[in-house]
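Visitor: Kindly return the folded structure for what I paste below:
(chains A, B and C)
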Amino acid sequence: RVPCSAGTAPEQELLCIFGTGDLGRSLGQRLLQTGYRVVYGSRRPHSCGPLPERAQVMSHAAAAQSANLVFICIHRENYDFLETLAPELKGKVLVDVSNNVEKNLYPEANAEYLQRLIPGAHVVKAFNTLSAWALQNGPSDANRQVYLCGNNAEAKQAVSVVATKLGFTVLDRGSVSAAKELEDFPLQLFPEWRLPLRLAVGLTAFFFFYLLIRDIISVYIKEKKDISFRIMVSLANKVFPIVSLIMLSLCYLPGVIAAFLQLYRGTKYKRFPDWLDRWMLCRKQLGLLALGFAFLHVLYTLIIPIRYYVRFRLSNRTPEFDTTMAWRTDSYYSVGILGFGLYLLLGITSLPSVSNALSWREFSFIQSKLGHVTLFFCTFHTYLYGWDKFLRASSYKWYTPPGYMLCLVLPSVVLVLKLLLLLPCVDRSLTRIRQGWERTNPDDDSRKSLLT
Amino acid sequence: RVPCSAGTAPEQELLCIFGTGDLGRSLGQRLLQTGYRVVYGSRRPHSCGPLPERAQVMSHAAAAQSANLVFICIHRENYDFLETLAPELKGKVLVDVSNNVEKNLYPEANAEYLQRLIPGAHVVKAFNTLSAWALQNGPSDANRQVYLCGNNAEAKQAVSVVATKLGFTVLDRGSVSAAKELEDFPLQLFPEWRLPLRLAVGLTAFFFFYLLIRDIISVYIKEKKDISFRIMVSLANKVFPIVSLIMLSLCYLPGVIAAFLQLYRGTKYKRFPDWLDRWMLCRKQLGLLALGFAFLHVLYTLIIPIRYYVRFRLSNRTPEFDTTMAWRTDSYYSVGILGFGLYLLLGITSLPSVSNALSWREFSFIQSKLGHVTLFFCTFHTYLYGWDKFLRASSYKWYTPPGYMLCLVLPSVVLVLKLLLLLPCVDRSLTRIRQGWERTNPDDDSRKSLLT
Amino acid sequence: RVPCSAGTAPEQELLCIFGTGDLGRSLGQRLLQTGYRVVYGSRRPHSCGPLPERAQVMSHAAAAQSANLVFICIHRENYDFLETLAPELKGKVLVDVSNNVEKNLYPEANAEYLQRLIPGAHVVKAFNTLSAWALQNGPSDANRQVYLCGNNAEAKQAVSVVATKLGFTVLDRGSVSAAKELEDFPLQLFPEWRLPLRLAVGLTAFFFFYLLIRDIISVYIKEKKDISFRIMVSLANKVFPIVSLIMLSLCYLPGVIAAFLQLYRGTKYKRFPDWLDRWMLCRKQLGLLALGFAFLHVLYTLIIPIRYYVRFRLSNRTPEFDTTMAWRTDSYYSVGILGFGLYLLLGITSLPSVSNALSWREFSFIQSKLGHVTLFFCTFHTYLYGWDKFLRASSYKWYTPPGYMLCLVLPSVVLVLKLLLLLPCVDRSLTRIRQGWERTNPDDDSRKSLLT
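Guide: You can find the predicted model right below:
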């Protein structure tokens, strides 16, 4: 006899689990460790494989009657037999934890199907986004949230309390009709990366063909010279920095637009249009892709001198020394390196464990202030690269500007707009709007922590 | 008087702590914060240094009698005096949290020794893998797990409940005979890195001597020319990519072998042989070491043009320009860079905070799909480097192939096997096996979340 | 009716929240999920916007009377009305969660002001370092700690229990006079980075001007030659590695000093002087800044061959080949790359998610052993760079040593001192001191886990 069970006895609530597979076993073990008592419902109570110590096993009907909360850890394909238990499950809370192997396999969500089978029970969809592994090892930062939905508020509350005792944080997603969405969560593949990736591919393709025609095919047509071997490195090293700079400026453009919108509306309490919201939510992905392209640009630049083509050219010319040229190239290398260094810093601070360790003020300092400085360095690097070529007619072959000029448009616009926002008078009224002072609700102390 | 103590009173269980050192104090503080009452047992109850506010201090005997669960935060060297408390400790749960400063210092584990001293008590080994610092600051993702073992299931359950209330996740390791293993945990130094590191050192040594003999000593013997200065960079830059590619393919080989084994056996529910299990568990370490070698290869390649030797050679030759040569070198640089970029991506996603943030499907997409693509790029990079030298007799000095040809064997095998697995008919039956459909247990809903 | 409320009923304590803003709502939701009952106090109980389901809303007075613990989620500007509730709030625990938008906005802390307004209540400052976002999403590794302070120990205990149930870890900072410090926490901007950053800027400025005068202005004065274009890359690439090496040695110097201090004092239980403590606390930042400078040094070195100036020079000279020169340059490149690789490894292991995953012994192995090896490699790299120039008079222009010689002083001292500490006799007595054996307190088992 262990004496302390007396002390903890009043809390030991009995929970029921249907299904003795991996998930059922993991869940039972965690519940037991948290101090709950657990009873399993099984078709073959006497031969159902290894279960956690101290758990009971009964027939489904007996198990259902003994507890008020039943976890259904069974495949959807086998739900139909639950219909026969409808009398025992009446008024009970049924927690549906199931997932499907594919989207749209069935017309209705598993939880809705369960609710239809046993209308007298309170079905709550929960825990399905966690794997058996996460359940057994306990919540980690990334696996802390339990989404739930269901029609009965008290049933949801009861499941919330269990989830919270297990160490999870609960997010209520509404009625059982949200179950479909919850069941699709574990099947998603980088949903937030899709738009930025498509954009990156589109921009890469556009500039690849633009520069292919302008720099390689045009030479072939005019001079009958085949320089197609330049596609592999020279052309790639033009496309990558262009795409990187455009994507970096696309990462900071929505913030500037939002600021102007707030200035125009004079309040921060009106929702942004949907396209802006969606754009702002993928800024991190835009920035990281831009960093990836910048990284490729750096490596492609660094191998220039070991390329056969360059070595060949180098050994065949002896130009005059030109100090301006030395200044120009050294400056744009230097500015480029500093820009890339800042860029990397932005990337590192967006690692979950690093950004979690920053205070809100520190994070916004890095991502906003340092981010715009990075954009400035990278844009300046490109301007230095152009130097006086912007004014020479010979740069505009076939009346088209070179790629690097095209890609300067967007970052220049973003930087000019940002500068406007930094003017003292504009900045002051924007700050006031964001602190919500003028139209604030008197007994509301929370907004400070949520300043954008 | 604070009124709410009335509300929480029924839960305030009293726990006892023997020992008032750092660990005893940290533990007591956390227990008090969690709502437990705490009593310390001390030799000198009136002069035992600073203890947490609201904790009581008594003599060992009095403290032991007042609580049912006693944490023993005392050095093993001082356990012997506990024997005199045997009557008071009878039937109590004793939690042994001690560690040793070295492995194999004593013939039996501390917990076993304690159990032998006080046979009437229920000794549970627990918390020893946590530092006082982790106890005081609460569980973090990395310090969440509490291992415990002991002979009495109810005693373990009681300790589990306390650990869970403190926010930890409990892993039961069986009877008190597992205590030795638990006490060795905090003394381990990178156990899972040992095998991959030894392998890396072995491969590096082998290829270093192979290439030293083949490329430098052979030149000295045949042509009496001393090119030993090439050891520092040229030779190193041959060894590193070779080792990197071999280790990368060793990282993907066990997965392919496992797939073929499952196909052959027709089930996923049979355990893999031990060597395969151990191999699969160190895939991450193999991959990260391979990445380290690849990183060194990149840096050694990038400094080529600033090397004195290369500058010297460059300024003394004027070859004919050869477009095929330009294509060849540019292609293998380009493919190499892309491969390295993907490689880095794999490395970044294996950071704990990043991989935690991915869903299971996303993680397996990156590590399996993208991993094989990386292996393909790196292998292709090496083939491009060889180009037509595979067919030239002059490549095979002293009848030995160059190092890069040797290192292509393993990755080629892995890629061919993986391609076989991707054939529609093979893939279909493998997927079916991994979903466990054909031999599935009817009321088991959990496997879906655990697909490999 | 949900049946399980019966089971959990005895724990459902009622807590009161004043204020229905973002923070009030997030807090209420979390409390409800944890199993508490929640009542909001509001000026307009019937029109106060969306509140969590199952929460009650009353007038301030009625809400205050119904609960023993009141969360004050109101702007400080509106605290004055609370004075009228003094009778209802008498004896209650008031949790002040407020922050200010700026430091030193008010002469006294918000919590002190609240305590002065309602002397009969027990004010506890807590939760103010968490954002509404962190409250709603639950504690993560980085947002786990709740600081609290207050004059009444039982009131603090009551708040501790609530915070712990919400999953947070509590750190008690003493009486209400600590509130000012707590309210300044969310307004801090990288406090621990300030000293290292200032040092980095100072060192950079000093060596920049030193080398500007020594290498560029001196040439202009002596030879009337303008080589100012070298500022952008050549000069920068001298300053960065110098600063990096000095900061890396500053990162390991305090550890060595501390060891000598412990040897001299013969104990580890005496506190270090304040300056040493502060120095040791910013070692991580020093190391990371050093890594940043090393990274810039690597990139600036790698672009050397694509610089216009270098290409120009290269194509105009044909020196004699010198094997020693080849050995020398290749060795220092090679050692530099290995040093940088180790450096990066140190940087990666200092990412929060990686260092959390290491055991204490593994972390100290990496940061101490591997750290000193890195310092050795980087110092050796610099010595190799100097080679025989240390002995040549021509190196000492204007009687000043070159920058790289200056920067070798500190790391050499650190390495020599560290070597002394590794002597068997010294190491043995230091280990004994750090294990605390000779002056240990007999019933103290905890120090082992806290060895430095």
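Visitor: At which residues are the helices of the stretch 251-400 of chain A located?
Guide: Ranges of helices in the stretch 251-400 of chain A, per DSSP state H, counting those that start in this stretch, are A:274-281, A:283-302, A:308-314, A:323-349, A:352-356, A:360-364, A:371-386.
Visitor: Include mean neighbour count and distance to residue C:130 when you put those into JSON lines, please.
Guide: Any C-beta I mention is one placed from the backbone N, CA and C, and that applies to glycine too. Below are these laid out as JSON lines (neighbours: other C-beta atoms under 10 Å in any protein chain shown; distance: least, C-beta to C-beta, whole Å):
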{"stretch": "helix A:274-281", "mean neighbour count": "13", "distance to residue C:130": "23"}
{"stretch": "helix A:283-302", "mean neighbour count": "21", "distance to residue C:130": "22"}
{"stretch": "helix A:308-314", "mean neighbour count": "18", "distance to residue C:130": "56"}
{"stretch": "helix A:323-349", "mean neighbour count": "19", "distance to residue C:130": "20"}
{"stretch": "helix A:352-356", "mean neighbour count": "20", "distance to residue C:130": "13"}
{"stretch": "helix A:360-364", "mean neighbour count": "15", "distance to residue C:130": "10"}
{"stretch": "helix A:371-386", "mean neighbour count": "20", "distance to residue C:130": "25"}
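Visitor: what's the least confident stretch among the ones you listed?
Guide: Here the lowest mean pLDDT among those goes to helix A:308-314, at a mean of 61.
Visitor: any idea how far residue A:123 lies from chain C?
Guide: Residue A:123 sits 13 Å away from chain C, going by C-beta to the nearest C-beta, to the nearest Å.
Visitor: Next, give phi and psi for that residue.
Guide: Main-chain torsions, residue A:123, degrees, to the nearest 10: phi -80, psi 130.
Visitor: does it really touch residue A:151, like I thought?
Guide: Yes - the pair residue A:123 / residue A:151 is scored as a contact, 7.5 Å apart, by C-beta atoms under 8 Å.
Visitor: What is the burial count for residue A:219?
Guide: Using other C-beta atoms under 10 Å in any protein chain shown, residue A:219 is surrounded by 16 other residues.
Visitor: Checking my notes, it in a strand, right?
Guide: No - counting by DSSP: H, G, I helix; E, B strand; the rest coil, residue A:219 falls outside a strand, being helix.
Visitor: can you give me the strands for the stretch 151-300 of chain A?
Guide: Here the stretch 151-300 of chain A has its strands, by DSSP state E, counting those that start in this stretch, at A:169-172.
Visitor: residues from it in reach of chain C?
Guide: By C-beta under 8 Å from any C-beta of the partner chain, the residues of the stretch 151-300 of chain A that approach chain C are A:152-155, A:157-158, A:160-161, A:163-165, A:167-170, A:172, A:298.
Visitor: Find the closest residue to chain C in the stretch 51-200 of chain A.
Guide: Closest to chain C within the stretch 51-200 of chain A is residue A:169: 3.0 Å, counting by C-beta to the nearest C-beta.
Visitor: re the thing from before, neighbour count for residue A:123 and residue A:151, which is higher?
Guide: For residue A:123 versus residue A:151, neighbours defined as other C-beta under 10 Å are more numerous around residue A:123 (28 against 15).
Visitor: Can you spell out the domain ranges of chain A, please?
Guide: Domain assignment for chain A, taken from automatic domain parsing, gives A:8-187, A:191-450.
Visitor: could you dump these to JSON lines with distance to residue C:264?
Guide: Output for those, formatted as JSON lines (distance: least, C-beta to C-beta, whole Å):
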{"stretch": "domain A:8-187", "distance to residue C:264": "43"}
{"stretch": "domain A:191-450", "distance to residue C:264": "36"}
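Visitor: mean pLDDT for those domains: which is lowest?
Guide: Mean pLDDT per stretch puts domain A:191-450 lowest among these, at a mean of 81.
Visitor: what distance separates it from the centre of its chain?
Guide: Relative to its parent chain, domain A:191-450 has a centroid offset of 20 Å by C-alpha atoms, centre = their mean, to the nearest Å.
Visitor: re the thing from before, show me just the buried residues among the residues of the stretch 151-300 of chain A next to chain C.
Guide: Buried by 16 or more other C-beta atoms under 10 Å in any protein chain shown: A:152, A:154-155, A:157-158, A:160-161, A:163-165, A:167-170, A:172, A:298, out of these.
Visitor: among the residues you listed, which are within reach of chain B?
Guide: Near chain B, by the rule C-beta under 8 Å from any C-beta, you find residue A:167 out of those.
Visitor: Among the buried ones among the residues of the stretch 151-300 of chain A next to chain C, which pair sits farthest apart?
Guide: A:154 and A:298 (58.3 Å; C-beta to C-beta).
Visitor: How about the contacts made by the closest residue to residue A:347 other than its chain neighbours?
Guide: Spatial nearest neighbour of residue A:347, chain neighbours left out: residue A:291 (4.7 Å); criterion: C-beta to C-beta, 6 or more residues apart in numbering or on different chains. By C-beta atoms under 8 Å, 6 or more residues apart in numbering or on different chains, the contact set of residue A:291 is A:244, A:343, A:344, A:346, A:347.
Visitor: Please give me every residue in contact with the first one.
Guide: To tie it back to what came earlier, the one meant is residue A:244. By C-beta under 8 Å, 6+ apart, the neighbours of residue A:244 are A:290, A:291, A:292, A:293, A:294, A:297, A:378.
Visitor: For residue A:375, see how far away it is.
Guide: Per C-beta to C-beta, to the nearest Å, residue A:244 is found 11 Å from residue A:375.
Visitor: likewise the third one?
Guide: Residue A:344 sits at a distance of 14 Å from residue A:375 (criterion: C-beta to C-beta).
Visitor: joint contacts of residue A:123 and residue A:151?
Guide: Contact with both residue A:123 and residue A:151 is made by residues A:115, A:176, according to C-beta under 8 Å, 6+ apart.
Visitor: Tell me which of the domains of chain A sits most buried.
Guide: With neighbours taken as mean count of other C-beta atoms under 10 Å in any protein chain shown, the domains of chain A reach their highest mean count in domain A:8-187, at a mean of 20.
Visitor: And that one, how far out from the chain middle?
Guide: On C-alpha atoms, centre = their mean, the centre of domain A:8-187 falls 28 Å from that of its chain.
Visitor: Please apply the same query to stretch A:178-190.
Guide: Centroid separation for stretch A:178-190 versus its chain: 15 Å, with C-alpha atoms, centre = their mean.
Visitor: Give me the most central residue, chain A.
Guide: Residue closest to the average C-alpha location in chain A (C-alpha atoms, centre = their mean): residue A:192, at 5.2 Å.
Visitor: could you list every residue that touches that one?
Guide: A:281, A:282, A:285.
Visitor: Identify the residues contacting the second one.
Guide: Looking back up the chat, that one is residue A:282. By C-beta under 8 Å, 6+ apart, the contact set of residue A:282 is A:192, A:193, A:195, A:196.
Visitor: switch the cut-off to 10 Å
Guide: Applying C-beta atoms under 10 Å, 6 or more residues apart in numbering or on different chains to residue A:282 gives the contacts A:191, A:192, A:193, A:194, A:195, A:196, A:197, A:199, A:250, A:251, A:254, A:289.
Visitor: same check, this time on residue A:238
Guide: Counting by C-beta under 10 Å, 6+ apart, residue A:238 makes contact with A:207-208, A:210-211, A:214-215, A:230, A:297, A:300, A:402-404, A:407.
Visitor: Kindly present these as JSON lines, with separate columns for distance to residue B:429.
Guide: Below are these laid out as JSON lines (distance: C-beta to C-beta, whole Å):
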{"residue": "A:207", "distance to residue B:429": "44"}
{"residue": "A:208", "distance to residue B:429": "40"}
{"residue": "A:210", "distance to residue B:429": "47"}
{"residue": "A:211", "distance to residue B:429": "46"}
{"residue": "A:214", "distance to residue B:429": "51"}
{"residue": "A:215", "distance to residue B:429": "50"}
{"residue": "A:230", "distance to residue B:429": "47"}
{"residue": "A:297", "distance to residue B:429": "44"}
{"residue": "A:300", "distance to residue B:429": "43"}
{"residue": "A:402", "distance to residue B:429": "54"}
{"residue": "A:403", "distance to residue B:429": "49"}
{"residue": "A:404", "distance to residue B:429": "52"}
{"residue": "A:407", "distance to residue B:429": "49"}
